[in-house]
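Undergrad: Predicted structure and sequence below. I'll ask about it afterward.
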Amino acid sequence: MLLPTLVTCLAGCAFLLSPVSEGCGPGRGYGKRRSPRKLAPLAYKQFTPNVAEKTLGASGRYEGKITRNSERFKELTPNYNPDIIFKDEENTGADRMMTQRCKDKLNSLAISVMNLWPGVRLRVTEGWDEDGHHSEESLHYEGRAVDITTSDRDRSKYAMLARLAVEAGFDWVYYESKAHIHCSVKSDHSMAAKSGGCFPGEASVTLASGAQKPIADLRPGERVLAAAGGGELVYSEVLVFLDRDPVTRKLFYTLHTEAGARLSLTAAHLVFVSGGNCSEGGALGAVYASDARPGQCVLVSPGEAGRARLSRITRVSVRESRGAFAPLTRHGTLVVDGVVASCYAVVDQHSLAHWAFSPLRLLHSWTGSTGSHRDGVHWYSRLLHWLGRMLLDSGRLHPLGAAQGDR
């Protein structure tokens with residue numbers, strides 16, 4: 001078993017480095033690189049995501065004040081990035097202290113600021129608070145929040161600065177004041193920050209017999225409804241679970257469609273969407289569930305093999321649910337709760353992920369197995385995640401998936 005495993009590892013490296021093929025996903029034009037989005041500045045008093053800061057959908061609950069004498073002080077790390085100006089009015093270095101996640105997002109934002117406004121740097125006016133100057137249960141007391149401006153203090157830039165903070169991966173951004181932007185992150189050890197790509201346990205799939213089955217009860221070797229090129233529905237063998245955790249609780253985005261189908265999946269999971277008129281069709285592309293928007297169209301199934309049709313997303317909601325399951329089919333797609341979804345997550349392109357998992361499918365073809373695996377994240381997914389962080393630009397990875405070792 002050692003030789004096939006070694007071959008798989010080496011082939012995975014080669015596939016990640018190889019050019020991305022086009023047309024691997026269902027629908028016309030799938031696999032083409034999306035053109036850059038135009039960034040929209042935040043409005044004054046706007047916050048994103050549009051939920052309260054200390055909820056699961058944003059930066060998560062307050063976990064208690066950190067002082068220099070507390071055991072949790074070791075969770076904080078100083079930020080000496082020369083591209084960031086720290087106001088440090090207390091002259092104690094407190095503003096430089098923050099969690100690793102906050103530091104990573106702040107450093108990423110500093111680069112974006114310099115790229116957009118040459119000669120301008122990011123400025124932090126408030127960081128970790130050890131003196132009790134903020135409201136009760138403020139995330140400043142945990143080193144998980146910063147208040148920021150630009151070094152030139154040009155307030156006309158602050159709306160776009162807020163947008164750049166969102167793009168940098170902060171878990172909650174608030175255009176709080178004309179004088180600054182407030183940003184915060186999830187705790188480093190919070191499970192809410194560790195979101196790979198999964199479906200909830202109660203989600204259902206369609207077996208080759210036509211019967212519906214909860215995804216939690218699905219087993220490798222069973223054939224489920226999936227999608228091939230052009231939106232054609234086929235039955236595809238389940239090879240393995242890339243992630244399987246029956247007891248965890250995770251945050252799921254639910255896409256509600258005009259057809260009545262509702263798909264729930266984690267933020268970093270990929271789903272195929274098309275813009276424009278759903279009745280006229282159009283090129284499909286894969287987006288993260290957290291980027292799906294009302295007005296876009298998804299592929300829905302008539303309930304059996306044939307051809308999927310487009311249905312418009314009417315609403316996107318967020319909920320917490322038990323269980324996390326990510327089956328891998330031979331086609332790399334599957335129909336869950338009547339909607340076509342990718343088997344992949346975290347990386348921003350379905351075709352790249354499908355290429356990268358080719359060695360695992362080849363190993364299964366040779367041996368009938370993908371190596372020993374129990375509940376949790378599959379070893380090959382962990383390997384690819386590590387390689388992706390080494391070889392791909394961080395902008396190619398979803399911030400919630402890139403924060404940890406899950407797929």
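TA: That came in fine, so what should we check first? Numbering: from 1, shown residues only.

Undergrad: can you pull out the strands in the stretch 251-400 of the chain?
TA: In the stretch 251-400 of the chain, the segments counted as strands under DSSP state E, counting those that start in this stretch are 262-265, 269-274, 285-288, 297-300, 306-307, 309-329, 333-336, 339-345, 376-377.

Undergrad: Nearest to residue 384, out of these?
TA: strand 339-345 (9.8 Å; CB to CB). Where C-beta positions appear, they are placed from N, C-alpha and C, glycine not excepted.

Undergrad: Report the central residue of this structure.
TA: Most central in the chain under CA atoms, centre = their mean is residue 268, positioned 2.6 Å from the mean C-alpha point.

Undergrad: ok, it to residue 344 distance?
TA: Per CB to CB, to the nearest Å, residue 268 is found 10 Å from residue 344.

Undergrad: Then residue 39?
TA: For residue 39, the distance to residue 344 - CB to CB - is 26 Å.

Undergrad: cool, residue 140 as well?
TA: 37 Å.

Undergrad: of these two, who's got more company?
TA: residue 344 (28 against 24; other CB atoms under 10 Å).

Undergrad: Where does pLDDT dip in the chain?
TA: 1-37, 189-196, 280-282, 303-305, 371-373, 394-395, 397-407 (pLDDT under 70).

Undergrad: who's sitting farthest from the centroid in it?
TA: residue 91 (37.5 Å).

Undergrad: Just say helix, strand or coil for that residue.
TA: Recorded secondary structure, residue 91: coil (DSSP: H, G, I helix; E, B strand; the rest coil).

Undergrad: which residue packs closest to residue 80, ignoring adjacent ones?
TA: residue 96 (6.9 Å; CB to CB, 6 or more residues apart in numbering).

Undergrad: Burial check on the one you found, number of neighbours?
TA: 20.

Undergrad: For residue 79, see how far away it is.
TA: Residue 96 is 5 Å from residue 79, by CB to CB.

Undergrad: Over to residue 221: give its phi and psi.
TA: phi 100, psi -20 (degrees, to the nearest 10).

Undergrad: Surely it and residue 238 touch.
TA: Yes: Residue 221 is within contact range of residue 238, at 6.7 Å (criterion: CB atoms under 8 Å).

Undergrad: These two: who's more crowded?
TA: The neighbour comparison of residue 221 against residue 238 (other CB under 10 Å) goes to residue 238, with 22 against 10.

Undergrad: quick check: angle from the host helix or strand of the more buried one to strand 269-274?
TA: For residue 238, the enclosing helix or strand under DSSP states H and E is strand 232-257. Relative orientation of strand 232-257 versus strand 269-274 (axes from the mean of the first three to the mean of the last three CA atoms, to 10 degrees): 100 degrees.

Undergrad: Please point out which parts of strand 232-257 sit buried.
TA: Residues of strand 232-257 classed as buried: 233-245, 248, 250-257 (neighbour count, 16 or more other CB atoms under 10 Å).

Undergrad: Likewise for stretch 43-54?
TA: 47, 48, 49, 53, 54.

Undergrad: How much space separates the first one from residue 184?
TA: It stands for residue 47. Going from residue 47 to residue 184 by CB to CB gives 10 Å.

Undergrad: who's in contact with the helix or strand containing residue 225?
TA: Per DSSP H and E, residue 225 falls inside strand 223-227. Residues outside strand 223-227 that contact it (CB atoms under 8 Å, 6 or more residues apart in numbering): 26, 205-208, 218, 233-238, 272, 299, 301, 304-305, 308, 327, 329, 331, 333-335, 340.
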